[in-house]
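1. Can you look at this prediction? I've put the sequence above it.
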Amino acid sequence: MLKAIIFDFDGVIADTFQMCLNIHRDNKRNITTKLYRDFHNGNVYESKVLKFTEKETKNFWKCYCDNVSSKHLFPVKEQISQLAKKQKIFIISSTTECVIADFLSSTGMKKYFQKIMGVETHKSKVEKFKMIFKEYRLEPKECIFVTDTLGDLREAKKVGVPTIAVTWGYHGKTRLKKGSPNLMIHDFKELVPAIDKLKN
């Protein structure tokens, strides 16, 4: 029985790929689009593809906070509001919790989410999954994780959470296939039917 849906934030709810890449480039880092996509093939905080200093990271989050706004919202509000009527909804992200909370408040979506778990909680999504399971007495098979990156699919697989990969975010279908998602969707309108299909 499906009891919870866990969403990634960047690339699933918020259209932030180009914004984030531009911030890094403005900070004098010569990063190609491909390299930045490769950066998300695993946990970004353990990546060997790109390394950022503490100063660079602090500056990145300041710029991120200053630039992200409701204009970055993907058209998923209707789908998430519909899903929240039947299951608990969570966010697990590598982004800071306060920024996500402010974003959701500005878009009228914060009320749909039980909990937001960002980098302050833990840098590993594996550990954040385990925290949700324990706190809400959930089994992995009772949840679905919706994400847009190969790295997230790999972390979800470690804890046995069924996954839906979306191709409107950081990674496309060819890369996402490497993570063996249970389902893959290409349009926002497919989200609710995909979850219905997977839970059955």
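-> Thanks, I have it. Numbers count the residues shown, from 1 in each chain.
2. Distance from the longest helix seen in the chain to the middle of the chain?
-> For the chain, the longest helix by residue count, based on DSSP state H, is helix 54-67. Distance of helix 54-67 from its chain centroid, counting by C-alpha atoms, centre = their mean, to the nearest Å, is 18 Å.
3. how about that helix as PDB, C-alpha atoms only?
-> Extracted in PDB, the C-alpha atoms of helix 54-67 (Å, rounded to 0.1, in the frame of the first residue of the first chain):
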ATOM      1  CA  GLU A  54      33.800  26.300   1.500                       C
ATOM      2  CA  LYS A  55      33.900  29.900   0.300                       C
ATOM      3  CA  GLU A  56      32.600  28.900  -3.100                       C
ATOM      4  CA  THR A  57      29.800  26.800  -1.500                       C
ATOM      5  CA  LYS A  58      28.800  29.600   0.800                       C
ATOM      6  CA  ASN A  59      28.700  32.100  -2.100                       C
ATOM      7  CA  PHE A  60      26.700  29.700  -4.200                       C
ATOM      8  CA  TRP A  61      23.900  29.300  -1.700                       C
ATOM      9  CA  LYS A  62      23.700  33.100  -1.200                       C
ATOM     10  CA  CYS A  63      23.300  33.600  -4.900                       C
ATOM     11  CA  TYR A  64      20.900  30.700  -5.100                       C
ATOM     12  CA  CYS A  65      18.700  32.200  -2.400                       C
ATOM     13  CA  ASP A  66      18.800  35.700  -4.000                       C
ATOM     14  CA  ASN A  67      17.800  34.400  -7.400                       C
END
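4. For it, which outside residues touch it?
-> Residues from elsewhere that reach helix 54-67, judged by C-beta atoms under 8 Å, 6 or more residues apart in numbering: 16, 19-20, 23-24, 26-27, 29, 52, 95-96, 99, 102. The way it works is simple: take the backbone N, C-alpha and C, and place the C-beta from them, glycine included.
5. so can I have TSV of these showing pLDDT?
-> As requested, the contacts of helix 54-67 are exported to TSV (pLDDT from 0 to 100):
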residue	pLDDT
16	98
19	98
20	97
23	96
24	94
26	92
27	86
29	86
52	92
95	97
96	95
99	95
102	96
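6. which among those end up buried?
-> For the contacts of helix 54-67, a burial check counting by 16 or more other C-beta atoms under 10 Å picks out 16, 19, 20, 23, 24, 52, 95, 96, 99.
7. Dump those residues into JSON lines; add distance to residue 80 and secondary structure as well.
-> Shown next, in JSON lines, are those (distance: C-beta to C-beta, whole Å; DSSP: H, G, I helix; E, B strand; the rest coil):
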{"residue": "16", "distance to residue 80": "17", "secondary structure": "coil"}
{"residue": "19", "distance to residue 80": "21", "secondary structure": "helix"}
{"residue": "20", "distance to residue 80": "22", "secondary structure": "helix"}
{"residue": "23", "distance to residue 80": "26", "secondary structure": "helix"}
{"residue": "24", "distance to residue 80": "29", "secondary structure": "helix"}
{"residue": "52", "distance to residue 80": "31", "secondary structure": "coil"}
{"residue": "95", "distance to residue 80": "17", "secondary structure": "coil"}
{"residue": "96", "distance to residue 80": "20", "secondary structure": "coil"}
{"residue": "99", "distance to residue 80": "18", "secondary structure": "helix"}
